[in-house]
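Chemist: below are the sequence and a predicted model for it; my questions follow.
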Amino acid sequence: MRKVSSDGDYHNYDGYAHVKSSGSNNKSVDDADMGKGIRKESNSIGGKAKSSNGDGKERRGSTSKRHSTARIKRLIRQLLIELGEDPDREGLVDTPERVAEMYAEIFSGYSMDSELDVTFSEESDVVVAREIQFYSMCEHHILPFFGKVHIAYIPDGKVFGISKLVRLVEKYAKRLQIQERMTKQIADELKDKVKGVLVVVEGDHMCMRMRGVKNNSRILTIAYRGEFENREVREQVLSLLMDSSSGARMYDI
Ligand SMILES: Nc1nc2c(ncn2[C@@H]2O[C@H](COP(=O)(O)OP(=O)(O)OP(=O)(O)O)[C@@H](O)[C@H]2O)c(=O)[nH]1
Ligand SMILES: [Zn+2]
């Protein structure tokens, strides 16, 4: 498990182990300094005060949104130079600003509220929200992974506003992630509000497709809590989800 980054910052990976480490210990002083700067500034993208394990709970201490646009712009400009580009040519001159704005959007999950307190009194056996689309960013390569989330829950006298389940997915997708953690975080935020919850995520990882092993395998991750810990209950709903999501791949590109 890779816990300590090049600048000594501690990262809790929620128990997920790395197969091997590809990180270099031979970073120059400049690299290390830049790493600190990025981390310090990027912590403020979503208005959060501190980052530890990506669970979104402890970080909304401050309501002031400390955008780091100016610093990110400078870093992206520097990156363009390091890539051998001319950052002042027409096509690139606004790119640092675009990227800074894009990061504010695609990493906005850190400060998002899923609004799960919006509920309606209703008795229901199982509610299934199928095929909630998500786009996230792999924390190992900062490349997209995306796909579908299926959420099944057994209400405890109350049902959620259905859009709130989409917000919940966005909250955990729009940040640096790994798929297993995202799946677990969605289940964990729901588990105390319901009798049971089952979350299935199907993801395509660009870091596997466009580089490295160049493989199109789709990754399936599952988390279940409460009454879904009963195998029979779980398998009934899982077979429903799997039947309905089999067939043509939605995300073939
Ligand atoms: N479990 C898990 N692994 C992921 C996820 N996203 C990316 N990875 C993997 O993270 C691993 C990082 O492995 P490293 O060996 O450190 O990096 P690498 O040398 O770029 O690895 P390759 O992709 O095999 O070339 C790779 O196996 C990725 O496929 C994810 O959401 N969950
Ligand atoms: Zn990756």
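Modeler: Cool, the structure landed. Ligands and ions are numbered 1, 2, ... in the order given.

Chemist: which SS class is residue 204?
Modeler: strand (DSSP: H, G, I helix; E, B strand; the rest coil).

Chemist: just the strands in the stretch 51-200 of the chain please.
Modeler: For the stretch 51-200 of the chain, strands defined by DSSP state E, counting those that start in this stretch occupy the ranges 119-121, 127-138, 144-155, 158-160, 176-177, 194-205.

Chemist: what helix or strand is the residue lying closest to residue 180 once chain neighbours are set aside on?
Modeler: With Cβ to Cβ, 6 or more residues apart in numbering as the criterion, residue 180 has its nearest non-adjacent residue at 5.2 Å, and that residue is residue 221. Just so you know, the C-beta spots here come from the backbone N, C-alpha and C atoms, and that holds for glycine as well. Residue 221 is part of strand 219-226, with elements assigned from DSSP states H and E.

Chemist: flag every buried residue along whatever helix or strand comes next after that strand.
Modeler: Per DSSP H and E, the first helix or strand lying C-terminal to strand 219-226 is helix 231-245. The neighbour-count check on helix 231-245 (16 or more other Cβ atoms under 10 Å) flags 233-234, 237-238, 241, 245 as buried.

Chemist: and the protein, what are its domains?
Modeler: Taking automatic domain parsing as the reference, the chain has its domains at 29-111, 119-245.

Chemist: residues from the stretch 101-250 of the chain in reach of ligand 2?
Modeler: Counting by Cβ under 5 Å from the ion, the stretch 101-250 of the chain comes close to ligand 2 at 138, 140-141, 207.

Chemist: relative to residue 127, which of these is nearest.
Modeler: Nearest to residue 127 out of these is residue 138 (Cβ to Cβ; 30.0 Å).

Chemist: report how many residues lie close to residue 112.
Modeler: Neighbours of residue 112 under the rule other Cβ atoms under 10 Å: 19.

Chemist: how near is it to residue 69?
Modeler: 19 Å (Cβ to Cβ, to the nearest Å).

Chemist: which of the residues in stretch 132-142 are classified as buried?
Modeler: Quick answer for stretch 132-142 (16+ other Cβ under 10 Å): 132, 134, 136-139.

Chemist: with pLDDT added, can I get these in TSV?
Modeler: Listed next are these as TSV, based on pLDDT from 0 to 100:
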residue	pLDDT
132	98
134	98
136	98
137	98
138	98
139	98
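
Chemist: could you work out the most separated pair of the residues you listed?
Modeler: Pairwise over these, using Cβ to Cβ, the maximum falls at 132 and 139, 20.9 Å.

Chemist: on that earlier part again, among the buried residues of stretch 132-142, which ones lie close to ligand 1?
Modeler: Among these, the residues within reach of ligand 1 (Cβ under 6 Å from any ligand atom) are residue 138.

Chemist: excluding chain neighbours, what is closest to the residue of the stretch 151-253 of the chain found nearest ligand 2?
Modeler: Ligand 2 sits closest to residue 207 of the stretch 151-253 of the chain, with a gap of 2.9 Å, by Cβ to the ion. Spatial nearest neighbour of residue 207, chain neighbours left out: residue 141 (4.0 Å); criterion: Cβ to Cβ, 6+ apart.
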